[in-house]
Structure formats: C-alpha cells, structure tokens
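A.B. asks: Fold the following.
(2 chains)
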Number of protein chains: 2
Amino acid sequence: MKETIEKNSIKYQELLRKYINTQDEKALYDLELISKAFIKKNILPEELINLHIQAMENIYPQLMDEYKLSMEFLLEATVFYGLALQEVDYLRQEKN
Amino acid sequence: MKETIEKNSIKYQELLRKYINTQDEKALYDLELISKAFIKKNILPEELINLHIQAMENIYPQLMDEYKLSMEFLLEATVFYGLALQEVDYLRQEKN
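C.D. replies: Residues are numbered from 1 along each chain as shown, chains lettered A, B, ... in the order given. Got it, this is the predicted structure:
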C-alpha cells in the first residue's frame, strides 16, 4: 500500500503541475490510472488528499496558512468516507 | 440527497471559516457530524470536494486560478472513489 503511494507520488505531482500549467486533458486521463490503482490497493481517500497536499506544497512552497488549514479541514471530512470504503472489503469477503 | 447538501452547505462553510480563523477543534467535531450525515445519504466524495470548493470561493472570492485548477484535479481523482463507494450499497442490498 505504502509502496503504491510512493511509486505514484512524483507522478501525481507532475500531472498536477502539468494540469495547472496547461489544462491538458491527457493529465486527467493519466490521473484516472493512478486513482484506479489506489482504489485497487485499498488506499483510502484521506491518503489521496494527503498526497495532494504534499504535491501542492512541493509545487508552491510559499502556500498560505489559510490554504493548509482549509486542506486539513477537507482531510478530516474525508476520513469517514475511508471508513465507509473499508466496509466494501468486509462485505466482499463475507460474500465469498 | 440534494436537500442534505443544501442544508449543510452554509454550515460547512461557517465551520471551515471558523477552523481557518481559530483552529478550534470543536469545528472538526461538528464537521464529523456533517460528514457522517453525507455518507448516510450516499453523498459521494466528489460532491463533498465540490462543496468544499464552493465554500472556499465564498470565503475567499479572490482565489487564484492555480487553486481552482488544483481542486478540479483533486475532484477528478476522487470520482473513482465515489464509484467504489456505490459498490457498498450494491453489496449491502445483495446481502439483504
């Protein structure tokens, strides 16, 4: 799980930078592949948001505190979505 | 579903503003209640991110384009999490 995040973190950051600079739809297509790989490896939405925050801090080292706080807030909001997703695994296993 | 989002959008915005200004942990506790209500009503993670973007645009009307684009990108990344969550409902119904 950690390996998949590490493997994709640089790629995510480069796609994000590319999308911000060029709005190239191809970046969104490549993002879809990362996103699907994350779900397959049970990487929770809050880990995706965390990766996004790290990428933004690398691309824009001078980010305002207000931005960081707003993203912390969003991160908290997604934690319960992660718990709901874990139920999918549980239900799948129960089914098999 | 739309009703739950509308009912909570002003509240979300006020909690976000409060958290950015004061870092009051109480705002995170109240956020937890909104987040859980959203999951109960099958509101997808991308709808939460969208609500967050709207709230940020209301709180900071002068947001940079780079911010907006970065959030569009994050929104795209969460779409597949929404699809995965819909599977929970499917599996739950199948179980009953």
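
A.B. asks: What helices and strands are in contact with the helix or strand hosting residue A:10?
C.D. replies: Per DSSP states H and E: residue A:10 is located in helix A:2-22. Judged by 3 or more C-beta pairs under 8 Å, 6 or more residues apart in numbering or on different chains; DSSP states H and E, helix A:2-22 is in contact with helix A:25-40, helix A:45-59, helix B:65-95. C-betas here are computed from N, CA, C, even on glycine.

A.B. asks: Next, name the residue at the spatial heart of chain A.
C.D. replies: Centroid-nearest residue in chain A, with C-alpha atoms, centre = their mean: residue A:48, separated by 1.9 Å.

A.B. asks: What's the separation between residue A:27 and residue A:41?
C.D. replies: 21 Å (C-beta to C-beta, to the nearest Å).

A.B. asks: what about those two, which has more around it?
C.D. replies: Between residue A:27 and residue A:41, counted using other C-beta atoms under 10 Å in any protein chain shown, residue A:27 has the larger neighbour count: 20 against 14.

A.B. asks: who touches that one in this structure?
C.D. replies: By C-beta atoms under 8 Å, 6 or more residues apart in numbering or on different chains, the contact list for residue A:27 reads A:15, A:16, A:18, A:19, B:73.

A.B. asks: Columns neighbour count on top of the residues you listed, output as a markdown table?
C.D. replies: Shown next, in a markdown table, are those (neighbours: other C-beta atoms under 10 Å in any protein chain shown):
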| residue | neighbour count |
| --- | --- |
| A:15 | 23 |
| A:16 | 23 |
| A:18 | 17 |
| A:19 | 21 |
| B:73 | 23 |
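
A.B. asks: Between which two of those residues is the distance greatest?
C.D. replies: Greatest spatial distance among those (C-beta to C-beta): A:18 and B:73, at 9.6 Å.

A.B. asks: rewinding a little: pick the most deeply packed of the helices and strands packed on helix A:2-22.
C.D. replies: helix A:45-59 (a mean of 20; mean count of other C-beta atoms under 10 Å in any protein chain shown).

A.B. asks: That one - contacts with which helices or strands?
C.D. replies: Counting by 3+ C-beta pairs under 8 Å, 6+ apart, helix A:45-59 packs on helix A:2-22, helix A:25-40, helix A:65-95, helix B:65-95.
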